[in-house]
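A.B. asks: how would this look folded up:
(one chain, ligands or ions: 1)
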Amino acid sequence: MSDFIVSARKYRPFAFTDVVGQNAITSTLSNAIRDNHLAQSFLFCGPRGVGKTTCARILAKTINCENITENINACNECDSCKSFNESHSFNIHELDAASNNSVDDIRNLVEQVRFAPQVGKYNIYIIDEVHMLSSSAFNAFLKTLEEPPAHAIFILATTEKHKIIPTILSRCQIFDFRSISIQNIIDHLKYVSKSEKIISEDDALHIIAQKSGGSLRDSLSMFDRLVNASDLTLTYKSVIENLNILDHDYYLKMTDAIIKHDVSEVLLILNEILNNGFDGHQFVNGLATHIRDLLVCKNPETVVLLEKGEELQKKYLSQSANCDLKFLIKSLKMTNECDVQYRVSKNQRLLVELCLLMMASIGQFSAEKKKNKNSIIAPNKAPIEKIAEKQNKEEVKKEEIITEVKENETLKTEVKVEVQEKPPTVFKQRIKSSTISISGILDDEKEDDEKQRSPIIEEDFSETEMMKVWNDFANIKKEDGRTNLFITLTALPPNLKDKNKIEIKISNDAQQKLLNENRVELMEYLRKKLKNDTIEVVTFITEEIKTDIPYTSTDKFNKMIEKNTSLKVLRDELGLDPDY
Ligand SMILES: [Zn+2]
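C.D. replies: Okay, the predicted model is just below:
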């Protein structure tokens with residue numbers, strides 16, 4: 001450990017030109033001094049540690065200097081400047097309103113204001129955190145602020161401008177100090193490093209700048225602390241360790257595992273992170289930011305939004321290249337949902353794990369789906385080959401079935417990214433025509449053969465007629481005691497499209513299931529009553545009412561198992577229990 005102390009104090013600017021990141025303000029103040037147009041009351045607003053008090057002190061020093069330079073800087077040589085630099089000037093009076101906010105405190109100050117300065121031209125009164133003054137203290141102060149003696153200048157500083165009453169605001173010249181940009185902070189830290197002969201890595205300074213949240217003072221004290229802890233050498237690694245930061249390496253590593261669908265690796269990395277004492281919520285939010293950063297890298301125009309050191313930027317760009325845009329957007333959604341649910345979750349760790357596993361299953365599912373397309377089309381019952389064989393006349397059309405389903409799926413899934421995991425169910429039952437009904441094949445192969453011999457009836461019908469038949473069907477079900485079905489059918493008014501396509505917008509899983517169970521009967525009924533054998537019933541989940549989001553951990557996990565059965569094995573092996 002070295003006993004090195006840089007401190008914000010040592011590198012506190014002594015002239016306006018040294019002030020970091022507030023050029024607009026410092027040049028306005030210099031110009032006012034040059035033109036002798038100085039206001040008597042100022043309000044300096046802005047976040048902590050961005051130079052409000054520093055500017056106030058420089059202002060006080062400069063206007064009291066006996067030989068102001070041409071560039072409107074204090075000479076640093078006259079008596080006034082010397083006493084300022086040695087911090088025993090009588091011209092500057094500071095009051096911290098956070099701790100001295102009573103009427104008496106203000107009265108004491110107001111008392112002093114009457115006296116002209118012994119040295120120099122002006123007395124400067126700096127009231128820090130002025131919003132903390134009690135209202136009676138404010139009132140006691142107002143009179144003085146209204147008619148200050150010529151030798152008094154007030155600088156009120158606050159981090160919370162909105163708490164300042166209008167009567168004060170209207171009497172002050174207001175300066176809004178901005179947060180210092182990361183780059184400005186880095187440059188300043190580099191300057192300090194160089195002056196103090198400290199070896200510091202750019203990425204290390206970047207982390208400090210980022211962590212300081214736009215406050216130069218905070219960044220400097222952090223810098224001090226870290227330099228002391230790491231013996232005058234600042235490496236990225238030492239900074240991460242000392243600040244106990246959940247750093248990019250974790251997120252890069254985690255994202256790599258997710259892209260590779262390596263679920264065990266994903267869980268192990270999370271375990272490491274939690275074991276290192278990091279909070280799951282913090283991690284999820286960090287991961288979301290990481291994904292956002294990857295997203296930003298996707299477009300050369302937005303790469304500038306990636307506030308990272310050069311080395312790190314390369315890593316981000318290369319990882320981003322490996323990520324599919326859809327994956328990033330979906331992952332962002334998932335991390336966001338996890339973030340929202342985190343606080344109310346009873347098993348937060350599992351929630352995070354599920355979120356990660358869901359992310360890891362994004363690409364995997366679609367890859368597997370492609371592979372298993374045939375078995376999805378005809379599960380268990382009849383492999384597609386068998387059917388084609390049986391209907392040898394239509395052998396060629398096997399391809400068409402698959403293509404048709406594919407088309408339907410891609411079409412629907414592209415429109416609704418949110419429900420993409422659930423391909424909409426398409427019910428078709430065309431007889432003898434060019435396409436064969438998949439559902440028909442699945443449902444009853446014999447019937448299909450019979451139907452093929454009868455002619456197709458295809459009469460036109462109106463939407464009103466359709467609605468009537470629809471409601472008739474619902475009523476029959478109601479009389480049968482199928483209240484749920486009745487409610488669902490009547491709650492989901494069907495739309496007629498293209499003469500024979502009946503669309504139903506459904507909004508949740510339960511409705512989907514209910515319609516699945518009854519759709520053959522429904523379709524038969526519609527066809528018979530409307531005298532049209534080509535009628536199709538198509539359902540799709542609407543985006544705006546997707547109540548399909550799994551809420552509980554168990555729901556989520558069950559959903560994931562639906563998509564990827566190996567998760568179940570994993571759960572059992574690792575002894576994870578969603579109900580835990
Ligand atoms: Zn001077």
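A.B. asks: tell me the buried residues in the helix or strand harbouring Lys468?
C.D. replies: Using DSSP states H and E, Lys468 sits in helix 463-479. By neighbour count with 16 or more other CB atoms under 10 Å, helix 463-479 contains the buried residues 466, 469-470, 473-474, 477-478. (Glycine included, C-beta is placed from N, CA and C.)
A.B. asks: pick out the most distant pair among the residues you listed.
C.D. replies: For these, the farthest-apart pair by CB to CB is Met466 and Lys478; their separation is 18.6 Å.
A.B. asks: show me which residues of the stretch 151-300 of the chain sit near the ion.
C.D. replies: Residues of the stretch 151-300 of the chain lying near the ion by CB under 5 Å from the ion: none.
A.B. asks: quick one: the helices in the stretch 151-300 of the chain?
C.D. replies: 166-169, 182-195, 202-211, 216-229, 236-243, 248-259, 263-275, 280-297 (DSSP state H, counting those that start in this stretch).
A.B. asks: what does the stretch 1-150 of the chain give?
C.D. replies: With DSSP H, counting those that start in this stretch as the criterion, the stretch 1-150 of the chain has helices spanning 7-10, 23-35, 52-64, 79-85, 103-113, 135-146.
A.B. asks: what's the mean pLDDT across the shortest one?
C.D. replies: For helix 7-10, mean pLDDT is 67.
A.B. asks: the second one too?
C.D. replies: Taken as a whole, helix 23-35 has an average pLDDT of 92.
A.B. asks: show me which positions of that helix end up buried.
C.D. replies: Neighbour counts using 16+ other CB under 10 Å place 25-26, 29-30, 32-33 of helix 23-35 among the buried residues.
A.B. asks: give the burial count for the residue of the stretch 251-400 of the chain found nearest the ion, as a bare number.
C.D. replies: Per CB to the ion, Glu307 is where the stretch 251-400 of the chain lies closest to the ion, at 39.6 Å. When neighbours are counted by other CB atoms under 10 Å, Glu307 registers 16.
A.B. asks: hang on, the earlier thing: need the buried residues of helix 23-35 in a markdown table with distance to the ion, can you?
C.D. replies: Formatted as a markdown table, the buried residues of helix 23-35 follow (distance: CB to the ion, whole Å):
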| residue | distance to the ion |
| --- | --- |
| Ile25 | 22 |
| Thr26 | 18 |
| Leu29 | 16 |
| Ser30 | 15 |
| Ala32 | 18 |
| Ile33 | 13 |
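A.B. asks: just give me the closest of the residues you listed to Asp218.
C.D. replies: Nearest to Asp218 among the buried residues of helix 23-35: Ile25, at 19.5 Å, using CB to CB.
A.B. asks: residues from the chain in reach of the ion?
C.D. replies: Counting by CB under 5 Å from the ion, the chain sits next to the ion at 65, 74-75, 78, 81.
A.B. asks: and the helix or strand containing Glu573, how far out from the chain middle?
C.D. replies: Using DSSP H and E, Glu573 sits within helix 566-574. Offset of helix 566-574 from its chain centre (CA atoms, centre = their mean, to the nearest Å): 30 Å.
A.B. asks: the closest residue to Asp79 other than its chain neighbours: neighbour count?
C.D. replies: Spatial nearest neighbour of Asp79, chain neighbours left out: Val119 (6.6 Å); criterion: CB to CB, 6 or more residues apart in numbering. Residues lying near Val119 (other CB under 10 Å) number 13.
A.B. asks: now swap in Ser83 and tell me
C.D. replies: 18.
A.B. asks: next: Ser200.
C.D. replies: Ser200: 26 neighbours (other CB under 10 Å).
A.B. asks: report pLDDT for the residue lying closest to it once chain neighbours are set aside.
C.D. replies: Nearest residue to Ser200, sequence neighbours excluded (CB to CB, 6+ apart): Leu234, at 3.7 Å. Note on Leu234: pLDDT of 89.
A.B. asks: Provide a list of residues in contact with Leu234.
C.D. replies: Contact partners of Leu234, counting by CB atoms under 8 Å, 6 or more residues apart in numbering, are 193, 198-201, 204-205, 223, 226-227.
A.B. asks: separation between it and Leu312?
C.D. replies: 15 Å (CB to CB, to the nearest Å).
A.B. asks: mind listing what's buried along the lengthiest helix in the chain?
C.D. replies: In the chain, with assignment by DSSP state H, the single longest helix is helix 509-530. Buried residues in helix 509-530, counted by 16+ other CB under 10 Å: 511-512, 514-515, 518-520, 522-523, 525-527, 529-530.
A.B. asks: if we can go back for a sec, how about the contacts of Leu234 in TSV, adding pLDDT?
C.D. replies: Below are those laid out as TSV (pLDDT from 0 to 100):
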residue	pLDDT
Ser193	91
Ile198	88
Ile199	90
Ser200	90
Glu201	91
Ala204	91
Leu205	93
Phe223	90
Leu226	87
Val227	86
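A.B. asks: what about the protein, any weak spots by pLDDT?
C.D. replies: Scanning the chain for pLDDT under 70 picks out 1-9, 309, 365-454, 543-553, 575-580.
A.B. asks: domain map for it?
C.D. replies: What automatic domain parsing lists as the domains of the chain is 22-176, 182-243, 248-360, 383-541.
A.B. asks: could you say which of those is packed most deeply?
C.D. replies: By mean neighbour count, with neighbours taken as mean count of other CB atoms under 10 Å, domain 182-243 ranks first of the domains of the chain at a mean of 19.
A.B. asks: quick one: terminal-to-terminal distance for that domain?
C.D. replies: Using CA to CA, to the nearest Å, one end of domain 182-243 lies 17 Å from the other.
A.B. asks: before we move on, what about stretch 155-165?
C.D. replies: Taking CA to CA, stretch 155-165 runs 16 Å from one end to the other.
A.B. asks: list of residues touching that stretch?
C.D. replies: 41-48, 52-53, 56, 59, 124-131, 138, 168, 172, 174, 176.
A.B. asks: quickly list what the closest residue to Leu169 other than its chain neighbours is bridged to.
C.D. replies: Nearest residue to Leu169, sequence neighbours excluded (CB to CB, 6+ apart): Leu43, at 6.8 Å. Leu43 forms beta bridges with Leu156, Ile174, as assigned by DSSP bridges.
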